[in-house]
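K.L.:
need the 3D shape of this:
(one chain, ligands or ions: 1)
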Amino acid sequence: MIEVQTAHTADLDPAILRAARTLLDDVFEGDMSDHDWEHSLGGVHALAWEGDELVAHAAVVQRRLMHRGRALRAGYVEGVGVRADRRRRGHGAAVMDVLERVVRGAYDLGALGATDEAAAFYAARGWELWQGPTSALTPTGTTRTEQEDGSIYVLPVAVPLDLSGELTCDWRDGDVW
Ligand SMILES: CC(C)(COP(=O)(O)OP(=O)(O)OC[C@H]1O[C@@H](n2cnc3c(N)ncnc32)[C@H](O)[C@@H]1OP(=O)(O)O)[C@@H](O)C(=O)NCCC(=O)NCCS
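P.N.:
The predicted model follows:
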(Lines give C-alpha, C1' and ligand atoms only; values in the text may rest on other atoms or scores of the structure.)
Protein backbone atom coordinates (compact mmCIF):
# COMPACT_ATOMS: atom_id res chain seq x y z
CA MET A 1 0.00 0.00 0.00
CA ILE A 2 1.48 3.32 -1.14
CA GLU A 3 0.71 6.58 0.56
CA VAL A 4 1.73 9.90 -0.98
CA GLN A 5 2.52 12.67 1.49
CA THR A 6 2.54 16.29 0.33
CA ALA A 7 4.22 18.95 2.46
CA HIS A 8 6.18 22.16 2.34
CA THR A 9 9.82 21.81 3.41
CA ALA A 10 8.97 23.77 6.59
CA ASP A 11 6.45 21.12 7.65
CA LEU A 12 8.69 18.07 7.22
CA ASP A 13 10.53 16.61 10.21
CA PRO A 14 14.32 16.69 9.89
CA ALA A 15 14.25 12.85 9.95
CA ILE A 16 11.98 12.78 6.89
CA LEU A 17 14.19 15.25 5.05
CA ARG A 18 17.19 13.05 5.91
CA ALA A 19 15.32 10.01 4.53
CA ALA A 20 14.62 11.91 1.31
CA ARG A 21 18.27 12.91 0.96
CA THR A 22 19.35 9.30 1.60
CA LEU A 23 16.89 8.01 -1.00
CA LEU A 24 18.22 10.49 -3.59
CA ASP A 25 21.84 9.65 -2.71
CA ASP A 26 21.01 5.99 -3.45
CA VAL A 27 19.00 6.77 -6.59
CA PHE A 28 21.75 8.95 -8.07
CA GLU A 29 24.50 6.63 -6.80
CA GLY A 30 26.53 9.30 -5.03
CA ASP A 31 26.08 11.86 -7.80
CA MET A 32 23.72 13.99 -5.68
CA SER A 33 25.68 17.01 -4.42
CA ASP A 34 24.77 19.22 -1.46
CA HIS A 35 23.78 21.87 -4.00
CA ASP A 36 21.50 19.40 -5.80
CA TRP A 37 19.79 18.63 -2.50
CA GLU A 38 19.52 22.31 -1.58
CA HIS A 39 17.80 22.94 -4.92
CA SER A 40 14.97 20.66 -3.75
CA LEU A 41 14.28 22.72 -0.63
CA GLY A 42 11.94 25.62 0.02
CA GLY A 43 8.90 24.41 -1.88
CA VAL A 44 6.46 21.51 -1.92
CA HIS A 45 7.61 17.89 -1.61
CA ALA A 46 5.73 14.76 -2.65
CA LEU A 47 6.89 11.62 -0.85
CA ALA A 48 5.64 8.09 -1.56
CA TRP A 49 5.73 5.77 1.44
CA GLU A 50 5.41 2.01 1.58
CA GLY A 51 4.71 1.67 5.28
CA ASP A 52 7.61 3.46 6.95
CA GLU A 53 9.88 3.11 3.92
CA LEU A 54 10.30 6.05 1.59
CA VAL A 55 10.23 4.78 -2.00
CA ALA A 56 9.86 7.97 -4.08
CA HIS A 57 10.44 11.70 -3.77
CA ALA A 58 10.01 14.81 -5.89
CA ALA A 59 9.81 18.52 -5.10
CA VAL A 60 8.75 21.73 -6.81
CA VAL A 61 10.29 25.09 -5.99
CA GLN A 62 9.70 28.55 -7.42
CA ARG A 63 12.18 30.03 -9.87
CA ARG A 64 12.10 32.82 -12.45
CA LEU A 65 12.59 31.85 -16.09
CA MET A 66 13.10 34.64 -18.61
CA HIS A 67 11.35 34.12 -21.93
CA ARG A 68 10.25 36.60 -24.62
CA GLY A 69 10.98 39.58 -22.38
CA ARG A 70 9.07 38.28 -19.37
CA ALA A 71 10.22 36.86 -16.03
CA LEU A 72 7.88 33.90 -15.75
CA ARG A 73 6.98 32.33 -12.41
CA ALA A 74 8.11 28.74 -12.85
CA GLY A 75 7.39 25.68 -10.75
CA TYR A 76 10.77 24.01 -11.08
CA VAL A 77 10.80 20.28 -10.37
CA GLU A 78 13.80 18.85 -8.53
CA GLY A 79 14.91 15.73 -6.71
CA VAL A 80 12.79 13.21 -8.65
CA GLY A 81 13.74 9.68 -7.72
CA VAL A 82 12.18 6.27 -7.19
CA ARG A 83 13.97 3.49 -5.30
CA ALA A 84 15.64 1.25 -7.87
CA ASP A 85 13.72 -1.88 -6.82
CA ARG A 86 10.37 -0.08 -6.99
CA ARG A 87 10.44 1.40 -10.50
CA ARG A 88 7.77 0.96 -13.18
CA ARG A 89 5.06 0.57 -10.54
CA GLY A 90 3.59 4.05 -10.92
CA HIS A 91 5.37 5.68 -7.96
CA GLY A 92 7.11 8.24 -10.15
CA ALA A 93 3.76 9.07 -11.72
CA ALA A 94 2.14 9.34 -8.27
CA VAL A 95 4.60 11.94 -7.00
CA MET A 96 4.53 13.86 -10.30
CA ASP A 97 0.69 13.94 -10.24
CA VAL A 98 0.91 15.89 -6.99
CA LEU A 99 3.53 18.32 -8.25
CA GLU A 100 1.84 18.92 -11.61
CA ARG A 101 -1.33 19.91 -9.76
CA VAL A 102 0.75 22.44 -7.83
CA VAL A 103 2.37 23.69 -11.06
CA ARG A 104 -0.96 24.06 -12.85
CA GLY A 105 -2.54 25.85 -9.90
CA ALA A 106 0.24 28.24 -8.96
CA TYR A 107 2.72 28.88 -11.78
CA ASP A 108 3.02 30.24 -15.31
CA LEU A 109 4.76 27.04 -16.38
CA GLY A 110 6.55 23.98 -15.05
CA ALA A 111 10.18 23.28 -15.90
CA LEU A 112 12.88 20.75 -15.10
CA GLY A 113 16.21 19.42 -16.26
CA ALA A 114 15.79 15.74 -17.17
CA THR A 115 18.27 12.91 -16.97
CA ASP A 116 18.51 10.84 -20.17
CA GLU A 117 16.85 7.99 -18.28
CA ALA A 118 13.82 10.06 -17.31
CA ALA A 119 13.19 11.83 -20.65
CA ALA A 120 10.58 9.29 -21.82
CA PHE A 121 8.90 9.41 -18.41
CA TYR A 122 8.34 13.18 -18.62
CA ALA A 123 7.42 13.14 -22.31
CA ALA A 124 4.76 10.50 -21.61
CA ARG A 125 3.27 12.91 -19.03
CA GLY A 126 2.95 15.80 -21.48
CA TRP A 127 6.15 17.66 -20.64
CA GLU A 128 7.65 19.22 -23.76
CA LEU A 129 11.31 19.34 -24.70
CA TRP A 130 12.69 22.87 -24.97
CA GLN A 131 14.07 23.17 -28.50
CA GLY A 132 15.73 26.58 -28.36
CA PRO A 133 18.94 27.81 -26.72
CA THR A 134 19.16 27.81 -22.94
CA SER A 135 21.08 30.29 -20.81
CA ALA A 136 21.45 31.52 -17.23
CA LEU A 137 21.34 34.97 -15.67
CA THR A 138 24.69 34.85 -13.86
CA PRO A 139 26.25 37.52 -11.62
CA THR A 140 28.32 38.60 -14.64
CA GLY A 141 25.50 38.62 -17.19
CA THR A 142 23.54 36.18 -19.33
CA THR A 143 25.60 33.11 -20.21
CA ARG A 144 24.68 30.33 -22.62
CA THR A 145 24.29 26.87 -21.07
CA GLU A 146 24.83 24.79 -24.24
CA GLN A 147 25.46 21.63 -22.27
CA GLU A 148 21.85 21.78 -21.00
CA ASP A 149 20.28 22.25 -24.44
CA GLY A 150 18.12 19.25 -25.25
CA SER A 151 17.52 18.26 -21.61
CA ILE A 152 15.13 20.98 -20.37
CA TYR A 153 11.44 20.09 -20.32
CA VAL A 154 8.54 22.44 -19.72
CA LEU A 155 4.90 21.98 -18.79
CA PRO A 156 2.98 24.83 -20.44
CA VAL A 157 0.28 26.26 -18.17
CA ALA A 158 -0.78 29.89 -18.38
CA VAL A 159 1.60 31.59 -20.79
CA PRO A 160 2.22 30.95 -24.51
CA LEU A 161 5.72 29.54 -24.98
CA ASP A 162 7.87 29.53 -28.09
CA LEU A 163 9.75 26.28 -27.57
CA SER A 164 12.31 27.28 -30.20
CA GLY A 165 13.05 30.60 -28.48
CA GLU A 166 15.56 31.38 -25.75
CA LEU A 167 14.94 30.31 -22.16
CA THR A 168 17.04 31.85 -19.39
CA CYS A 169 17.05 30.66 -15.81
CA ASP A 170 17.79 32.67 -12.67
CA TRP A 171 21.07 32.20 -10.82
CA ARG A 172 21.90 29.70 -8.08
CA ASP A 173 24.94 27.87 -6.73
CA GLY A 174 25.67 24.44 -8.23
CA ASP A 175 24.04 23.31 -11.47
CA VAL A 176 21.98 26.24 -12.72
CA TRP A 177 19.36 24.11 -14.49
C1 LIG B 1 12.42 8.32 -13.95
C2 LIG B 1 11.79 7.64 -12.73
C3 LIG B 1 11.52 8.71 -11.68
C4 LIG B 1 10.46 7.02 -13.17
O5 LIG B 1 9.82 6.49 -12.02
P6 LIG B 1 8.91 5.17 -12.09
O7 LIG B 1 8.21 5.01 -10.79
O8 LIG B 1 9.72 4.03 -12.57
O9 LIG B 1 7.88 5.58 -13.25
P10 LIG B 1 6.36 5.07 -13.42
O11 LIG B 1 6.26 3.63 -13.04
O12 LIG B 1 5.46 6.01 -12.73
O13 LIG B 1 6.25 5.22 -15.00
C14 LIG B 1 5.14 5.83 -15.61
C15 LIG B 1 5.35 5.80 -17.13
O16 LIG B 1 6.50 6.59 -17.48
C17 LIG B 1 7.17 5.96 -18.58
N18 LIG B 1 8.50 5.50 -18.11
C19 LIG B 1 8.94 5.40 -16.84
N20 LIG B 1 10.21 4.98 -16.80
C21 LIG B 1 10.59 4.81 -18.07
C22 LIG B 1 11.79 4.39 -18.69
N23 LIG B 1 12.89 4.08 -17.98
N24 LIG B 1 11.84 4.31 -20.04
C25 LIG B 1 10.75 4.60 -20.79
N26 LIG B 1 9.57 5.03 -20.25
C27 LIG B 1 9.49 5.13 -18.92
C28 LIG B 1 6.32 4.81 -19.00
O29 LIG B 1 5.37 5.30 -19.93
C30 LIG B 1 5.63 4.45 -17.70
O31 LIG B 1 4.41 3.78 -17.88
P32 LIG B 1 4.41 2.14 -18.03
O33 LIG B 1 5.29 1.59 -16.92
O34 LIG B 1 2.98 1.81 -17.90
O35 LIG B 1 5.01 1.86 -19.38
C36 LIG B 1 12.70 6.51 -12.19
O37 LIG B 1 13.08 5.65 -13.26
C38 LIG B 1 13.97 6.99 -11.51
O39 LIG B 1 13.99 7.30 -10.32
N40 LIG B 1 15.12 7.03 -12.28
C41 LIG B 1 16.43 7.37 -11.74
C42 LIG B 1 16.53 8.79 -11.27
C43 LIG B 1 16.19 9.80 -12.34
O44 LIG B 1 16.66 9.75 -13.48
N45 LIG B 1 15.34 10.77 -11.94
C46 LIG B 1 14.88 11.84 -12.81
C47 LIG B 1 15.68 13.05 -12.57
S48 LIG B 1 15.26 14.35 -13.73
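
K.L.:
list the contacts of the longest helix along the chain.
P.N.:
Counting by DSSP state H, the longest helix found in the chain is helix 91-106. The contact list for helix 91-106 (C-beta atoms under 8 Å, 6 or more residues apart in numbering) reads 2, 4, 6, 44, 46-48, 55-60, 73, 75, 77, 80, 82-83, 109-110, 121, 125, 155, 157. Where you see a C-beta, it was placed from the backbone N, CA and C, and this is true even at glycine.

K.L.:
again, 7 Å this time
P.N.:
2, 4, 6, 44, 46, 48, 55-58, 60, 75, 77, 80, 82, 110, 121, 125, 155, 157 (C-beta atoms under 7 Å, 6 or more residues apart in numbering).

K.L.:
for the record, mean pLDDT for the longest strand seen in the chain?
P.N.:
The single longest strand within the chain, with elements called by DSSP state E, is strand 53-67. In this model, strand 53-67 has an average pLDDT of 98.

K.L.:
packing partners for that strand?
P.N.:
Under the contact criterion of 3 or more C-beta pairs under 7 Å, 6 or more residues apart in numbering; DSSP states H and E, strand 53-67 touches helix 14-27, strand 44-50, strand 70-82, helix 91-106, strand 167-169.

K.L.:
how many other residues sit next to the closest residue to Arg172 other than its chain neighbours?
P.N.:
In this structure, Arg172 finds its nearest non-sequential neighbour in His39, 6.7 Å apart by C-beta to C-beta, 6 or more residues apart in numbering. Per other C-beta atoms under 10 Å, the neighbour tally for His39 reads 23.

K.L.:
from the ligand, how far out is His39?
P.N.:
11 Å (C-beta to the nearest ligand atom, to the nearest Å).

K.L.:
ditto for Asp26
P.N.:
10 Å.

K.L.:
same question for Pro14.
P.N.:
23 Å.

K.L.:
equivalent analysis for Ala124, please.
P.N.:
With distances taken as C-beta to the nearest ligand atom, Ala124 is found 4 Å from the ligand.

K.L.:
okay, that residue: pLDDT?
P.N.:
Confidence score, pLDDT, at Ala124: 98.

K.L.:
phi, psi of it?
P.N.:
Per-residue torsions, Ala124: phi -70, psi -20 (degrees, to the nearest 10).

K.L.:
just want the residue of the chain that's nearest the ligand.
P.N.:
Going by C-beta to the nearest ligand atom, the ligand is nearest to Gly92 of the chain, at 2.4 Å.

K.L.:
give the buried subset of the contacts of helix 91-106 as a ChimeraX selection command.
P.N.:
To isolate the buried ones among these in ChimeraX, judged by 16 or more other C-beta atoms under 10 Å, type:
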select :44,46,48,55,56,57,58,60,75,77,80,82,110,121,155,157
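
K.L.:
for Asp175, give its distance to Val159.
P.N.:
Asp175 sits 25 Å away from Val159 when distances are taken as C-beta to C-beta, to the nearest Å.
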